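[1] predicted model follows, preceded by the sequence.
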Amino acid sequence: MAIWRRDRNSAREEKERSETPASTTEDEWRKTLTAEQFYVCRMKGTEPPFSGKYNANKADGTYSCVACGSELFSSDTKFDSGTGWPSFWAPVEKEQVAMEADDSYGMRRVEVLCRRCGSHLGHVFNDGPRPTGLRFCINSAALVFKAKSGE
Ligand SMILES: [Zn+2]
């Protein structure tokens, strides 16, 4: 996983950073993200259950990557999983997320990442509702919610 690592000198250019998040260095992430966001997105951390601000959010709108702004999930596919984390049965577009096997902590899980910037979002499980049967278990700290306009 080195997709966001590039030449450090060019990555320092603020202009380029905003245009191509994939070039952002870990040092820059540390400056632009809060400690909690950095822990979740860049260190693959997990926020405590029921602690995140979007777990119980039922408003209509979209959820984007907190690190790069890429649109990831919609309230249309959000459901109450009872797990304590925002849960979705599908991403907005499956191309928006990347999935990788994660065997850490002695568990076989599938990690969900933002395809655009490589940030860790959460995990996906096979016990979700129809029509996909998937449960994208995502950290609130990795998301930014934008309410549907016109309301
Ligand atoms: Zn991202």
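    On my side now, so go ahead. Numbers count the residues shown, from 1 in each chain.
[2] residue 132 against residue 89, yeah?
    Yes - if you go by C-beta atoms under 8 Å, residue 132 and residue 89 touch, sitting 4.9 Å apart. C-beta coordinates here come from the backbone N, C-alpha and C atoms, glycine included.
[3] who has more neighbours out of these two?
    Neighbour count, other C-beta atoms under 10 Å: between residue 132 and residue 89, residue 89 has more, with 20 against 15.
[4] so what's that one up against?
    Applying C-beta atoms under 8 Å, 6 or more residues apart in numbering to residue 89 gives the contacts 77, 79, 128-136.
[5] and what of residue 81?
    Contacts of residue 81 (C-beta under 8 Å, 6+ apart): 87, 128, 135, 137.
[6] and if we set it to 6 Å?
    By C-beta atoms under 6 Å, 6 or more residues apart in numbering, the contact set of residue 81 is 87, 135.
[7] SS state for the nearest residue to residue 39 once chain neighbours are set aside?
    Excluding the flanking residues, the one nearest residue 39 by C-beta to C-beta, 6 or more residues apart in numbering is residue 45, at 3.9 Å. At residue 45, secondary structure determined by DSSP: H, G, I helix; E, B strand; the rest coil is coil.
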